[in-house]
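S.K.: this one's sequence-less:
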């Protein structure tokens, strides 16, 4: 099922979800990479385009697979990815035809966000090279994705938001799904110190995190995300230490006890676990019980709105496809069933 404007989203998912490492260059046969899989109004989609899209989606994990496994993975997802790229090309053409306006400031901001989200050990030039881009071509692709996004928003602006009556009805019919368990939303800074670490090393780590705590106390918690990005050894550092929401039983006991007893907005005492030393900042607390209609109204809106928006885009893309000249190679078309012989 097609979901509009996902390529840039895949890129951000890559940036925030993986510890980025630059792997070895792909040694695939260039002739194979140039294999034509589909055309959209004369524009060719090749296996190289599929691989670039996959690298945007899965990042370095694709290169870390054994060669045979990587080849099989690419083969399995190629038909689906080809269809997504066909839809992307249709939307890009439609955006240009509709003279959708691009936004230079938004492009600049997006590129800065991407560069700022890379770990210190990964150079931007190396990262985009792995995607099959130089700086100019990468900027052009991001600009195209933003243009598609603006056009999609124009199409979706016609979708009517659900009424309060519809929201209330959906809430009453699905009340049990709005029973919440106690949970908190928190961020942390972790300085790793394994239980078997040298006492001198552990002592240095403890002193460092105590200095960070003193700095945060003075600043009344402001700048926690910045310090997490600079000092935390946890993968969550790329998100400013954000761990999202979690309930009881999901964290190690010492961490859970400290997090659930802290006040919202406070930076608590240093907590030691088997992973090392932590500073925790709780940003939200949710009590157990039936959530009120007013508290879940936004969530209800999304639940009712999403299917309408998805249907609108599916119909729109189907309309574009019916007017376009599209070819698909046998590599991505499902095999036609051989008619059974009549007895």
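M.R.: Okay, I see it. These figures come from a predicted structure and were not determined experimentally.
S.K.: now the helices for the stretch 1-150 of the chain?
M.R.: Taking DSSP state H, counting those that start in this stretch, the helices of the stretch 1-150 of the chain run over residues 7-17, 30-33, 47-58, 61-64, 67-97, 104-117, 124-130, 135-156.
S.K.: which one of those lies closest to residue 260?
M.R.: helix 7-17 (26.0 Å; C-beta to C-beta). Yep, even glycine has a C-beta here, placed from its N, CA and C like the rest.
S.K.: can you give me the mean pLDDT across the closest one?
M.R.: Taken as a whole, helix 7-17 carries a mean pLDDT of 39.
S.K.: Looking at the helices of the stretch 1-150 of the chain, spot the one closest to residue 333.
M.R.: helix 67-97 (7.8 Å).
S.K.: picking up where we left off before, would you convert the helices of the stretch 1-150 of the chain into CSV that also reports mean neighbour count and distance to residue 216?
M.R.: Shown next, in CSV, are the helices of the stretch 1-150 of the chain (neighbours: other C-beta atoms under 10 Å; distance: least, C-beta to C-beta, whole Å):
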stretch, mean neighbour count, distance to residue 216
helix 7-17, 17, 23
helix 30-33, 10, 50
helix 47-58, 21, 36
helix 61-64, 17, 34
helix 67-97, 17, 43
helix 104-117, 13, 22
helix 124-130, 17, 30
helix 135-156, 18, 35
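S.K.: Kindly reformat those helices as a markdown table containing distance to residue 241.
M.R.: Formatted as a markdown table, the helices of the stretch 1-150 of the chain follow (distance: least, C-beta to C-beta, whole Å):
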| stretch | distance to residue 241 |
| --- | --- |
| helix 7-17 | 13 |
| helix 30-33 | 40 |
| helix 47-58 | 25 |
| helix 61-64 | 23 |
| helix 67-97 | 32 |
| helix 104-117 | 14 |
| helix 124-130 | 23 |
| helix 135-156 | 27 |
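S.K.: okay, now residue 225: neighbour count?
M.R.: Number of residues near residue 225 (other C-beta atoms under 10 Å) recorded here: 17.
S.K.: Give the closest residue to it in space, chain neighbours not counted.
M.R.: Nearest in space to residue 225, with sequence neighbours left out and distances taken as C-beta to C-beta, 6 or more residues apart in numbering, is residue 240 at 2.8 Å.
S.K.: Spit out the contact partners of the one you found.
M.R.: 187, 224, 225, 226, 228, 229 (C-beta atoms under 8 Å, 6 or more residues apart in numbering).
S.K.: How about residue 52?
M.R.: Applying C-beta under 8 Å, 6+ apart, the residues near residue 52 are 131, 132, 133.
S.K.: Give me the PyMOL select line for these, limited to the buried ones.
M.R.: Written as a PyMOL command, the selection of buried residues from the contacts of residue 52, which uses 16 or more other C-beta atoms under 10 Å, is:
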select buried, resi 131+132+133
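S.K.: residue boundaries of the strands in the stretch 101-250 of the chain?
M.R.: Under the criterion DSSP state E, counting those that start in this stretch, the stretch 101-250 of the chain contains strands at 179-180, 183-192, 242-247.
S.K.: hey, which of those is tucked in deepest?
M.R.: strand 183-192 (a mean of 22; mean count of other C-beta atoms under 10 Å).
S.K.: How far does that strand sit from its chain's centre?
M.R.: Relative to the chain's own centre, strand 183-192 is displaced by 20 Å; criterion: C-alpha atoms, centre = their mean, to the nearest Å.
S.K.: what residues does stretch 200-215 touch?
M.R.: 189, 191-193, 223, 227, 231, 267, 269-270, 276-279.
S.K.: if you set the cut-off to 10 Å instead, what comes out?
M.R.: Residues lying outside stretch 200-215 but in contact with it, judged by C-beta atoms under 10 Å, 6 or more residues apart in numbering, are 189-198, 223-224, 227-228, 230-233, 267-272, 276-279.
S.K.: next one: stretch 284-298
M.R.: Contacts for stretch 284-298 (C-beta under 10 Å, 6+ apart): 164, 167-168, 170-172, 174-186, 245, 247-248, 259-260, 262-265, 299-300, 303.
S.K.: now swap in stretch 132-143 and tell me
M.R.: 7-8, 11, 26, 33, 48-49, 51-53, 55-56, 102-104, 106-108, 110-111, 114, 124-125, 127-129, 131.
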